[in-house]
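Asker: model the following, please.
(2 chains)
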Amino acid sequence: MARSIGVNPDRRQAPAAGGRRRRRTQRSRDGRAAITVSLAPMIDMAFLFLIFFLVTTTFERAEGILTSRLPEDAGRPTVALPVSPIVIRLAPTGPGNADCSIRVDRFDNVPQRVDALPDFLRRIHELPGFDRDTPVVIVPQDDVRWDHVVGCWNAALRAKCTKIAFAEP
Amino acid sequence: MKSSRSRYQRPPRLAFNATPMVDVFFMLAIFYMLVTRFSSAEQVPMDLPRPEGSLAKVAHIPERVVINCRLADPAHSSPSSALYSVGPNQPESLATISDRLASLKRQSPDLKVIIRADRRLDYAPVRALMRVIAHHKIDMLNVVAHVAEGE
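Answerer: Here you go, the predicted model:
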């Protein structure tokens, strides 16, 4: 009698019908119990992961490292004389020093775009007395943007220069 | 007989088919799990150099210290004034950073220093930092730049 408390009298037959249905799902035709996996918790977890990634992700370009050897005295190039280095001088140009001009000591027709600098340095390497081991000294002026300095450094690396140093302007 | 069956026949239920939605959500979750790289706390957000045809490589350097060098006030200040900070720490003066480097160098002689500098900065503040690094006989200079597209 206590079990019938709260049960709608009109639905007293429902448990029997539901029980029959449950038995049908839990037992296969040969009478053995079927194993079922509840997907609801897995979907919940996937939703949580998705919300976490959507909230926390910011799309940025990956960053890497350019490695070089720093001179013992950062203010002066440590190049062994009498090898004459390739000296690249950078000076700021344009409004707000947004651009830079490139000058290479003892060489004319220097490209004014950093992306053309690797080919220019490769042509220098083909000249007698120069090769990839010829030191490259980058001499930026104080107000040259760091972006141009790194661009010039990267250009020297693209030209397979092995000895790259910085010097005071 | 027919009328009694129709009387007890249930009306058609409007059901929401959640399967395609779950499929799409799974796809999105897998996409984010594959493409996400968790950035280190020492990578302070800044506008890094983007050299043409960058040869910068993603590398893991074990004994390292990252020094961030960013614009003091990106909106108004001149590119000659910079804030220096070791990793995720608060900005410090170059003298304090020099003391920190001396201490770290004593603990691990093979210490590598990585400079993360804003691309809009002048060369002068970065050169000042390079001088401090060279002063402690740390000869390997590692500069952070964006890697080339597609890598």
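Asker: what does the model give the most centrally placed residue in chain A for pLDDT?
Answerer: Residue closest to the mean C-alpha point of chain A, counted by C-alpha atoms, centre = their mean, is residue A:62 at 0.9 Å. Per-residue pLDDT puts residue A:62 at 75.
Asker: so which strand or helix has residue B:66?
Answerer: For residue B:66, the host element (DSSP states H and E) is strand B:64-71.
Asker: buried residues, the very next helix or strand once past that strand. List them.
Answerer: Scanning forward in sequence from strand B:64-71 by DSSP H and E, the next helix or strand is strand B:82-86. The neighbour-count check on strand B:82-86 (16 or more other C-beta atoms under 10 Å in any protein chain shown) flags B:82-86 as buried. Any C-beta I mention is one placed from the backbone N, CA and C, and that applies to glycine too.
Asker: for stretch A:115-126, same thing?
Answerer: Buried residues in stretch A:115-126, counted by 16+ other C-beta under 10 Å: A:117-118, A:120-121, A:124.
Asker: so who does the residue nearest to the centre of chain A touch?
Answerer: B:37, B:58, B:146-147, B:151 (C-beta atoms under 8 Å, 6 or more residues apart in numbering or on different chains).
Asker: give me the domain ranges for the chain.
Answerer: Went with chain A since none was named. A:12-56, A:86-166 (automatic domain parsing).
Asker: can you look at chain B instead?
Answerer: According to automatic domain parsing, chain B comprises the domains B:2-35, B:64-143.
Asker: looking at the domains of chain A, which is closest to residue B:30?
Answerer: Closest to residue B:30 of those is domain A:12-56 (C-beta to C-beta; 9.0 Å).
Asker: closest one of the buried residues of strand B:82-86 to chain A?
Answerer: Ranked by distance to chain A (C-beta to the nearest C-beta), those are led by residue B:82 at 9.6 Å.
Asker: tell me the bridge partners for the closest one.
Answerer: Taking DSSP bridges as the rule, residue B:82 bridges to residue B:71.
Asker: unless I'm mixing things up, it is touching residue B:67, no?
Answerer: No: contact criterion C-beta atoms under 8 Å: residue B:82 and residue B:67 do not qualify, at 10.7 Å.
Asker: circling back: just the domains of chain B: most buried one?
Answerer: When you average the neighbours per residue for each of the domains of chain B (mean count of other C-beta atoms under 10 Å in any protein chain shown), domain B:64-143 leads with a mean of 17.
Asker: quick revisit: as TSV, the domains of chain B with distance to residue A:155 would be great.
Answerer: Conversion of these to TSV gives the following (distance: least, C-beta to C-beta, whole Å):
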stretch	distance to residue A:155
domain B:2-35	30
domain B:64-143	14
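Asker: make TSV from the ones you listed and add mean pLDDT and distance to residue A:111 to it.
Answerer: Formatted as TSV, these follow (pLDDT from 0 to 100; distance: least, C-beta to C-beta, whole Å):
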stretch	mean pLDDT	distance to residue A:111
domain B:2-35	78	37
domain B:64-143	85	20
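Asker: report the contact partners of residue 43.
Answerer: Here I'm looking at chain A. B:22, B:25.
Asker: chain B, not that one
Answerer: A:63, B:66, B:116.
Asker: repeat for residue B:122
Answerer: Neighbour list for residue B:122: A:97, A:142-146, B:79-80 [criterion: C-beta under 8 Å, 6+ apart].
Asker: so where's chain A shaky on pLDDT?
Answerer: Scanning chain A with the threshold set as pLDDT under 70 gives A:1-31, A:69-83.
Asker: where do the strands sit along it?
Answerer: A:63-69, A:86-93, A:99-104, A:136-140, A:164-166 (DSSP state E).
Asker: what residues of the helix ranked longest in chain A count as buried?
Answerer: Longest helix in chain A, counting residues (DSSP state H): helix A:40-56. Neighbour-count burial for helix A:40-56, with 16+ other C-beta under 10 Å as criterion, is recorded at A:46, A:49-50, A:53.
Asker: now, among those residues, which is nearest to chain B?
Answerer: residue A:53 (3.5 Å).
Asker: the closest one contacts residue B:36, doesn't it?
Answerer: Yes: between residue A:53 and residue B:36 there is a contact at 6.2 Å, judged by C-beta under 8 Å.
Asker: what is the end-to-end distance of stretch A:125-143?
Answerer: 29 Å (C-alpha to C-alpha, to the nearest Å).
Asker: show me how far stretch A:118-128 is from its chain's centre.
Answerer: Offset of stretch A:118-128 from its chain centre (C-alpha atoms, centre = their mean, to the nearest Å): 31 Å.
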